[in-house]
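Undergrad: Model the structure of this input:
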Amino acid sequence: MSHDLKTIVVVGASRGIGAAVTQHFDQRGYRVWSVSRSPAIAGRWIQADISGPEGIGAIAAALGDTPIDALLFMGGVWEAGAFTDAYDFLASSDAETRFVISVNTIAPIEITRSLAANLSQAANPRAIYIGALSGLDNCPSVEVANTASKFGLRGAVQALRLALGSQNIGFTVINPGNIATEEVLLDIEEGRFGPQTPIPMAVITAAIDWLLSLPPSVDVPDLNLWQRS
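TA: Reported below is the predicted structural model:
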């Protein structure tokens, strides 16, 4: 790396988007802390279940007062059968609803609060969260808990920007269509998703690279990535 070594925390680092983002920054020589329940494939692993306060506390304990240049919340969960004809809102349990919202909305809030002091030590700190098009007006999906959690994430990040204004942290929610993770590609191949060309993973990593390169005076609250039909 030609610039000073940067420290990045990636939440949801064991699979999907989070795993790809973790590998991307690890291969570029960043100091990466990888948060996940199961072992991360790159970076320094922090084992944590972010659906509850113990897991969120484990992240803060592992990092201590380490300065952080970027918090990348790349995790996410959804209901059983989500995005397929098998999804049935009436069959979804209260426990499932609470779990989805705990991971997708409450965890980002509490992790950001617990790491705000770490971020504030950086020259140009950034907090970037993976949302979804279903969290945008006029784009909701029928998956009630997941859609609510993505709307909630965008609202939470807007409020975090105000609540932590004195910390000079740049906040962005990336709202993409389907990303070409192994899971999504398998769903398309096996017919659980309709025929489509998902957004390449390289687009996500390039978007994060761009956001991290912005000067402190520039903020991008929402970055929406649509697939061409």
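Undergrad: wait, is residue 154 part of a helix?
TA: Yes. The assignment for residue 154 by DSSP: H, G, I helix; E, B strand; the rest coil puts it in a helix.
Undergrad: Any idea which residue is closest to the centre of the protein?
TA: The centroid of the chain falls nearest to residue 74 when counting by C-alpha atoms, centre = their mean (2.3 Å).
Undergrad: Give the phi and psi angles for residue 103, as a check.
TA: Main-chain dihedrals, residue 103, degrees, to the nearest 10: phi -80, psi -40.
Undergrad: and it, what is it in contact with?
TA: Residues near residue 103 by C-beta atoms under 8 Å, 6 or more residues apart in numbering: 50-51, 75-77, 149. Every residue, glycine included, has its C-beta placed from N, CA and C.
Undergrad: ok, now how distant is the residue nearest to the centre of the chain from residue 81?
TA: 23 Å (C-beta to C-beta, to the nearest Å).
Undergrad: Same check on residue 47?
TA: Look at residue 47 and residue 81: by C-beta to C-beta, they are 28 Å apart.
Undergrad: what comes up buried for the helix or strand of the chain with the lowest mean pLDDT?
TA: Within the chain, no helix or strand scores below helix 182-189, which has a mean of 79 by mean pLDDT, DSSP states H and E. Using 16 or more other C-beta atoms under 10 Å as the test for burial, helix 182-189 gives 184, 187-188.
Undergrad: same deal with stretch 166-176?
TA: Judged by neighbour count (16+ other C-beta under 10 Å), stretch 166-176 contains these buried residues: 167, 169-176.
Undergrad: and which of those residues is nearest residue 42?
TA: For the buried residues of stretch 166-176, the residue nearest residue 42 by C-beta to C-beta is residue 174; the value is 20.3 Å.
Undergrad: Tell me if I am right that that closest one is in a strand.
TA: Yes. Residue 174 sits within a strand when classified using three-state DSSP.
Undergrad: which residues sit in contact with the residue lying closest to the residue nearest to the centre of the chain once chain neighbours are set aside?
TA: Distance criterion C-beta to C-beta, 6 or more residues apart in numbering; nearest residue to residue 74, sequence neighbours excluded, is residue 18 at 3.6 Å. Residues near residue 18 by C-beta under 8 Å, 6+ apart: 10-12, 36, 72, 74-75.
Undergrad: Closest one to residue 56 out of those, please.
TA: When the contacts of residue 18 are compared for distance to residue 56 (C-beta to C-beta), residue 11 comes out closest, at 9.8 Å.
Undergrad: who's that closest one bridged to?
TA: As for beta bridges, residue 11 partners with residue 35, residue 73 under DSSP bridges.
Undergrad: ok, back up a step: and the helix or strand just after the least confident helix or strand of the chain, what's its mean pLDDT?
TA: For helix 182-189, the following helix or strand on the C-terminal side (DSSP states H and E) is helix 201-213. If you average the pLDDT over helix 201-213, you get 96.
Undergrad: For helix 201-213, name the packing helices and strands.
TA: Here helix 201-213 touches helix 16-27, strand 126-130, strand 170-176, strand 222-225, going by 3 or more C-beta pairs under 8 Å, 6 or more residues apart in numbering; DSSP states H and E.
Undergrad: What count of nearby residues applies to the residue found closest to residue 104 once you drop the neighbours it is linked to in the chain?
TA: What sits nearest to residue 104 in space, not counting adjacent residues and going by C-beta to C-beta, 6+ apart, is residue 149, at 3.5 Å. By the criterion of other C-beta atoms under 10 Å, residue 149 has 28 neighbours.
Undergrad: can you pull the pLDDT of residue 149?
TA: Residue 149 carries a pLDDT value of 97.
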